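1. I'd like to go over a predicted model; first the sequence, then the structure.
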Amino acid sequence: MDNSDNTGIPKLRYLKTALKDVMDKVVVVGLGKSGIAAAEILSARGDTVFISELKDSDAVRADVKALIKKGIVSEGNIELGAHSEKIIAGAKSMVISPGVRQDSLPVRMAERSGIPVIGEMELAYSMCPAPIIAITGTSGKTTVTTLIGNMLKKAGRHAVVCGNIGNPLSGELKKIRKDSIVVLEVSSFQLERIKDFKPRVSVVLNVSENHLDRHSGMEEYVSLKSRIFSNQDKDGIVFLNGNDRILKKLSRDIKNTKVEFFNEYKDFKKRLGIKNENYLAAMSVVSTELVSEDVMLEALSGFKGIPHRLEHVGVVDGVDFYNDSKATTVSSVEWALKSLEGRIALIMGGKYKGGDFGSLRRLIDEKVSCVIVMGKAGGRIKKDLTGFPALIEAETLEGALQEAFKKTAAGGKVLLSPGCSSFDIFESYKERGELFKKYVKELASGFTLS
């Protein structure tokens, strides 16, 4: 029997949480992809949706107009440009997007009034009819999530890949069947407001300083990451990186579910010569779904990587250009530098979100010809790399690329690996990466950067 109504959303009998009893005003805070998807599934199950969004732009108004046209929200239930007390009047619950901070005004108002607050992912989980494989970590999440999805699909399984990878779980519910497997990339922001979220398999790839502009410190960050397996039981399994000191220590305190180290699991590393930890993580997970090693290896052989993650984007006058815009942490920059050979002109900077750039000094001394810094984090990077002789400041990404190209001889490499978020200048790491690729293409076409 079909498990959905004509909206494609699973019927109410599939709800897993107490939220199934809420058929009243639900406030959605934040109108990005997650907020829009949350509003749609709330409306589909019969709730009255109220939207509160701090931004008020043409793009936001276009999204609101579309939601009104679909009948998801009424014009009188929308608040743009501010958050006021009226959002909680008569509200039974609040659903927040990952970008909404825990100390934000709407959350504080809800908590003062005793209104439950959950995240978009928790809401979607309450309606999801299929088991979930959840992947988190400081770096490598998107690669591993993509690989697991590819391997499962190649094995003939109905895999739905979603989450922090760019398409919220809420927006994918209409595709998910009972016999599906949901492959879900999960961030620390999404884990802040879970309640019953329980994946069948969870993976924590690594943990290093990240998002310290939002979290109070490493202790809170690690605690949030560990929430991914907090509700798992004897029927679940958690895969950790045995080479990660923090995760190795954390594993000793996990009593409620089975724990395995993916870098040791089934001896893939020695038997098959697989050294890449992301590959080992993906193989370990899909082996629990009875995917054959031949299928795994076939999927790996056809894997071309993901956009904006150490993506080779062109060669100009013998200089190779790499777009690693997705590298928003210090540990991600370290991985990129270790992965490339030869002399590198490194472009870094953006909005600082934690980490010690000084930890890169040995690799930079060994491999990097010059470091071009830009954005708000430029001063911090210069301070952490004090003493390195070739530090250059640039006002824009275009200027940074120009400086890097000037300083790089044929046979060398220009690497954009920011180690920072993009939000001081760009809307996203994708926008930053696409602009970098555009500038490289212009160079290759004979244009002169201004």
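-> Arrived safely, thanks for sending.
2. quick one: residues contacting the residue sitting nearest the centre point of the chain.
-> The chain has Asn164 as the residue nearest its centroid, 4.1 Å off, counting by CA atoms, centre = their mean. For Asn164, the contact set (CB atoms under 8 Å, 6 or more residues apart in numbering) comprises 98, 141-142, 185-187, 190. Where you see a C-beta, it was placed from the backbone N, CA and C, and this is true even at glycine.
3. got any ranges where the stretch 351-450 of the chain has weak pLDDT?
-> 447-450 (pLDDT under 70).
4. so this protein: which segments form each domain?
-> 18-120, 128-301, 311-444 (automatic domain parsing).
5. how far out from the middle of the chain is the longest one?
-> Between the centre of domain 128-301 and the centre of its host chain there is 12 Å, according to CA atoms, centre = their mean, to the nearest Å.
6. span of that domain from start to end?
-> 32 Å (CA to CA, to the nearest Å).
7. what average pLDDT does that domain get?
-> Over the span of domain 128-301, the pLDDT mean works out to 94.
8. and for Asp47, the neighbour number?
-> By other CB atoms under 10 Å, 20 other residues sit near Asp47.
9. let me fix that, I meant to ask about Lys255.
-> Neighbourhood size, Lys255 [other CB under 10 Å]: 6.
10. from Gln232, how far off is it?
-> 11 Å (CB to CB, to the nearest Å).
11. now the strands for the stretch 351-450 of the chain?
-> Secondary structure of the stretch 351-450 of the chain (DSSP state E, counting those that start in this stretch): strands at 368-374, 391-393, 413-416.
12. quick one, longest helix in this protein?
-> As assigned by DSSP state H, the longest helix anywhere in the chain is helix 429-444.
13. centre of the chain to that helix, how far?
-> Helix 429-444 has its C-alpha centroid displaced from the chain centroid by 21 Å (CA atoms, centre = their mean).
14. same deal with stretch 127-142?
-> 10 Å.
15. confidence score at the nearest residue in space to Ser43 that is not next to it in sequence?
-> Spatial nearest neighbour of Ser43, chain neighbours left out: Ile72 (4.3 Å); criterion: CB to CB, 6 or more residues apart in numbering. Ile72 is assigned 96 on the pLDDT scale.
16. doesn't Ala37 make contact with Ile72?
-> No - proximity of Ile72 to Ala37 does not meet the contact threshold set by CB atoms under 8 Å, at 10.6 Å.
17. give me the more crowded residue out of the two.
-> Ala37 (23 against 20).
18. ok, back up a step: what are the buried residues along the longest helix of the chain?
-> Residues of helix 429-444 classed as buried: 429, 432-437, 439-440, 442-443 (neighbour count, 16 or more other CB atoms under 10 Å).
19. where do the helices of the stretch 201-350 of the chain begin and end?
-> With DSSP state H, counting those that start in this stretch, the ranges of helices along the stretch 201-350 of the chain come out as 218-226, 245-251, 268-272, 277-287, 293-301, 330-339.
20. quick one: list the elements packing against the shortest one.
-> By that I understand helix 268-272. When contacts are defined as 3 or more CB pairs under 8 Å, 6 or more residues apart in numbering; DSSP states H and E, helix 268-272 sits against helix 277-287.
21. report the angle between the helix it packs on and helix 293-301.
-> 150 degrees (axes from the mean of the first three to the mean of the last three CA atoms, to 10 degrees).
22. list the contacts of helix 277-287.
-> Residues contacting helix 277-287 (CB under 8 Å, 6+ apart): 133, 135, 140, 143-144, 147-148, 151-152, 155, 201, 203, 205-206, 239, 241, 243, 260, 262-263, 265-266, 268-269, 274, 293, 296, 300.
23. send me it as PDB with only the CA atoms.
-> The C-alpha trace of helix 277-287 is given here as PDB (Å, rounded to 0.1, in the frame of the first residue of the first chain):
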ATOM      1  CA  GLU A 277      40.100   7.000   5.500                       C
ATOM      2  CA  ASN A 278      37.100   8.400   3.700                       C
ATOM      3  CA  TYR A 279      37.000   5.300   1.500                       C
ATOM      4  CA  LEU A 280      37.500   3.000   4.500                       C
ATOM      5  CA  ALA A 281      34.600   4.600   6.300                       C
ATOM      6  CA  ALA A 282      32.200   4.200   3.300                       C
ATOM      7  CA  MET A 283      33.300   0.600   2.800                       C
ATOM      8  CA  SER A 284      32.800  -0.200   6.400                       C
ATOM      9  CA  VAL A 285      29.300   1.200   6.500                       C
ATOM     10  CA  VAL A 286      28.000  -0.400   3.300                       C
ATOM     11  CA  SER A 287      29.400  -3.800   4.300                       C
END
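24. all numbers from here: first residue = 282
-> Got it, the first residue is 282 from now on, which makes the last one we talked about helix 558-568.
25. quick check: angle from it to helix 611-620?
-> 110 degrees.
26. contacts only, for Asn448.
-> By CB under 8 Å, 6+ apart, the residues touching Asn448 are Lys314.
27. let's verify it: helix, strand, or coil?
-> coil (DSSP: H, G, I helix; E, B strand; the rest coil).
28. and it, what are its phi and psi?
-> phi -130, psi 110 (degrees, to the nearest 10).
29. which residues touch Glu356?
-> Contacts for Glu356 (CB under 8 Å, 6+ apart) come out as Ile349.
30. 10 Å instead?
-> Glu356 is in contact with 345-346, 349, counting by CB atoms under 10 Å, 6 or more residues apart in numbering.
31. and Lys632, by the same measure?
-> 494, 609, 656-658, 699, 701-707.
32. tell me, how many residues neighbour the residue nearest to Gly418 when sequence neighbours are not counted?
-> Excluding its sequence neighbours, the residue lying closest to Gly418 (CB to CB, 6+ apart) is Leu486, at 2.9 Å. Leu486: 23 surrounding residues under other CB under 10 Å.
33. what's the distance between Leu486 and Asp705?
-> Distance of Leu486 to Asp705, given as CB to CB: 27 Å.
34. just Asp646 next, same as before
-> Distance from Asp646 to Asp705, by CB to CB: 27 Å.
35. neighbour count winner among the two?
-> For the pair Asp646 and Asp705, the greater number of neighbours falls to Asp705 (15 against 12), based on other CB under 10 Å.
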